[in-house]
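# My questions are about this predicted structure, shown below with the sequence.
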Amino acid sequence: KMSKILSTTEFAPCPNGFFHPETYRLYEALECECIPIVENAFRYYDRLFPDNPFLKVDKWIDAKSIIKEWNAEQIKKKREECKMWWKKYKIELQEDIFSKISS
């Protein structure tokens, strides 16, 4: 059910975890082709995933004004950017792991 809901959702808030910024919410959002909204604390996701297309906010209230300004075409474009980035990331990760274990 959750996958169905997220698959029809455009934006997915991905708040930081209790003890660590990284959480499963980000990966759920990416797998369901949502635009993840992440907290920009310490630029964590920029360090973990350089050049990522996530929507980053310092305060959650900032997301509301950003989203309200986007039209349907901008949302569609950002969703596609996230989708393609995630697909490429997973392929590169698989290739990296394969090269390490097959050497």
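Ah, there it is.

# Enumerate the positions of the longest helix along the chain that are buried.
Identified as the longest helix of the chain according to DSSP state H is helix 72-101. Across helix 72-101, burial judged by 16 or more other Cβ atoms under 10 Å covers Lys78, Arg79, Cys82, Lys83, Trp85, Trp86. From N, CA and C alone the C-beta is placed, and that goes for glycine too.

# how close does the residue lying closest to the fourth one once chain neighbours are set aside sit to Ala63?
Read it as Lys83. Leaving aside its sequence neighbours, Lys83 sits nearest to Glu33 (Cβ to Cβ, 6 or more residues apart in numbering; 4.9 Å). Applying Cβ to Cβ, to the nearest Å, the value for Glu33 to Ala63 is 18 Å.

# got the contact list for Cys82?
Leu30, Glu33, Cys34, Ile35, Pro36, Pro53, Phe54 (Cβ atoms under 8 Å, 6 or more residues apart in numbering).

# now, among those residues, which is nearest to Tyr44?
The nearest member of the contacts of Cys82 to Tyr44, counting by Cβ to Cβ, is Phe54 at 10.7 Å.

# you'd agree that closest one is up against Glu39?
No. Phe54 is beyond contact range of Glu39, at 10.2 Å (criterion: Cβ atoms under 8 Å).

# Name the residue in these two with the higher neighbour count.
Set side by side, Phe54 and Glu39 show more neighbours around Phe54, with 21 against 18, by other Cβ atoms under 10 Å.

# returning to what we had before: among the contacts of Cys82, which are in helices?
Short answer: the contacts of Cys82 in helices (DSSP H) are Leu30.

# Closest one to Ile67 out of the contacts of Cys82, please.
Closest approach to Ile67 among these (Cβ to Cβ): Ile35, at 8.9 Å.

# ok, the closest one to Gln94 distance?
Look at Ile35 and Gln94: by Cβ to Cβ, they are 24 Å apart.

# same question, Cys82
On the measure of Cβ to Cβ, Cys82 and Gln94 end up 19 Å apart.
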